[in-house]
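> Got a predicted structure plus its sequence, pasted below:
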Amino acid sequence: MRRKVGICSFEIDGPKRGGIGTAYASLAKVLAAAGHDVTLVFAGDRYETGGPEHWRAHYARRGVTFEGLPPLAEAVDPQTPWPLPLSYRAYRHLRERDFEIVHFPEALGVGFYSLLAARQGLAFRNTVLAVGTHGPSRWVREANANASFQKPRVAAVQDVLERRCVEMADVLISPSAYLYRWMEESGWTLAEPRHVLQNVLRPSSSSPTPPTASLRIEEIVFFGRLETRKGLALFCEAIERVLAGGPERPRVTFLGWNAKDAIDGLPPTEWLAKRTAGWPATPLFLTDLDRAGALAYLRGPGRLAVMPSPVTENSPYTVLECLDAGLPFVTTDVGGIPELVRVEDRSAACVRPTPEALAARLAEVLRGPQARPRPARDPADTRRAWIEWHESLPPASRPATAPGEELGLVVDDSEEGVFFRREMLRDRKVAPGGGAFSRLLRGWRRRLTSGE
């Protein structure tokens, strides 16, 4: 059955890089190739490269419609935490469409107002709203040693919106069982039904190296975004142990784009230059390659990819793509990473996230030929599973809310933080805890429930 699918995300591969953008752009292309009518809705305001017309043409060549969110006609109070108008803009745009299925990431709560409107019976009566769990903001902060990337009030709003999205979804989809466990252990309420479906990969244009083939390693390549939670410090310490512990002198390369967040007050490449200043040879930095270029580099002879996440990961594309391409690699056994690797190959491919364990494995790799790890699931099977899920999903049909009743949104601006609770209301106003922030959010609620 041909389905009309919308995918609304603040990351879309091209306009804004990131794992979420890669996941949804790949899904759009796979579904379009299978004959479905797919629209990517970019919920961002800034284009890292190109512009709306460029990406509209780019995706049209791949059978996918691309569009951005129009601005709101109303003026938005500058004190309003930005995730709220972002989510509201998405709702205003999507409610005018006739998608059968809409996908949102839980991150930033982009789908919050749409999900709330569906719960209230105001919109999306015939649309399935699917929420993908890719990595909520609190999880990201914990992985980055509690670094704060947002003002406290914005971070609090993000946390609330993301929790509510996961709770209100018609269906949850995660690429790993691990992230569901993290959410449950963190006290989140998870919607049902929920599924575990690995992120989809587009069919590769080049043939993978046979996984049973082995090769001798001469270059160790850090592969991933240059930031703390991807394991830069862990990688550097492991390399220093390798250099100090034996005769091996591998070439070292950092392959990945610069994250915007500083490390010890320095941009990542400056921090790395300072950290590696005493190494026998200056590492190579490749920070401007796209994903295809990065994989082409890793296919070069004698190169080993290393993805040394020290704390946690959900289901990183770096690992998934190395598996798909038959590339040799070493990673850590954190989060959902081991779920991607065939059980028999996990002990060699996934090490404990310590400098000692990583250094020991790298030294072993440098001493002799190494077999390539194999995927736990064939990427072609994952593509088929995603297509079959869309084609077999029953149509949505939700009743309208009875007149005079609505699902109320209550916001508190107290010391305990911002929270939402559900409350059935009959012809009475919401009574939040007071304060300018609460009044701003009351205004957003009134606009939503009045259908503006």
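Perfect, I can see it now. Numbering: from 1, shown residues only.
> Could you export stretch 184-192 as PDB, CA atoms only?
C-alpha atoms of stretch 184-192 as PDB (Å, rounded to 0.1, in the frame of the first residue of the first chain):
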ATOM      1  CA  GLU A 184      12.600   3.700  31.900                       C
ATOM      2  CA  GLU A 185      15.400   3.800  34.500                       C
ATOM      3  CA  SER A 186      15.200   7.600  34.300                       C
ATOM      4  CA  GLY A 187      11.500   7.500  35.200                       C
ATOM      5  CA  TRP A 188      10.000   8.300  31.800                       C
ATOM      6  CA  THR A 189       6.600   7.000  30.800                       C
ATOM      7  CA  LEU A 190       6.800   5.300  27.400                       C
ATOM      8  CA  ALA A 191       4.000   5.000  25.000                       C
ATOM      9  CA  GLU A 192       2.800   1.700  23.500                       C
END
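> mind listing what's buried in it?
Within stretch 184-192, the residues that qualify as buried are Trp188, Leu190, Ala191, counting by 16 or more other C-beta atoms under 10 Å. All C-beta atoms are positioned from the backbone trio N, CA, C, and that covers glycine.
> which other residues reach that stretch?
Val131, Arg138, Arg163, Val166, Glu167, Met168, Ala169, Asp170, Val171, Leu172, Tyr180, Met183 (C-beta atoms under 8 Å, 6 or more residues apart in numbering).
> can we see that at 6 Å?
Arg163, Val166, Glu167, Ala169, Leu172 (C-beta atoms under 6 Å, 6 or more residues apart in numbering).
> ditto for stretch 68-85
Contacts of stretch 68-85 (C-beta under 6 Å, 6+ apart): 42-43, 52, 89, 93, 108-109, 153-154, 157-158, 161, 440, 444.
> Show me which of the residues you listed are buried.
Phe42, Ala43, Arg89, His93, Leu108, Gly109, Val154, Val157, Gln158, Leu161, Leu440, Trp444.
> hmm, back to that, and the buried residues of stretch 184-192, which is closest to Leu226?
Trp188 (30.1 Å; C-beta to C-beta).
> What count of nearby residues applies to Met183?
22 (other C-beta atoms under 10 Å).
> nearest spatial neighbour of it, skipping sequence neighbours?
Leu190 (6.1 Å; C-beta to C-beta, 6 or more residues apart in numbering).
> Doesn't that neighbour lie inside a helix?
No - read with DSSP: H, G, I helix; E, B strand; the rest coil, Leu190 is coil and lies in no helix.
> Would you list the phi and psi of it?
phi -100, psi 130 (degrees, to the nearest 10).
> cool, Leu327 as well?
Taking degrees, to the nearest 10 as the convention, Leu327 sits at phi -90, psi 140.
> Now do the buried residues in the longest helix along the chain.
In the chain, assigned by DSSP state H, the helix with the most residues is helix 152-168. Neighbour-count burial for helix 152-168 flags 154-168 (criterion: 16+ other C-beta under 10 Å).
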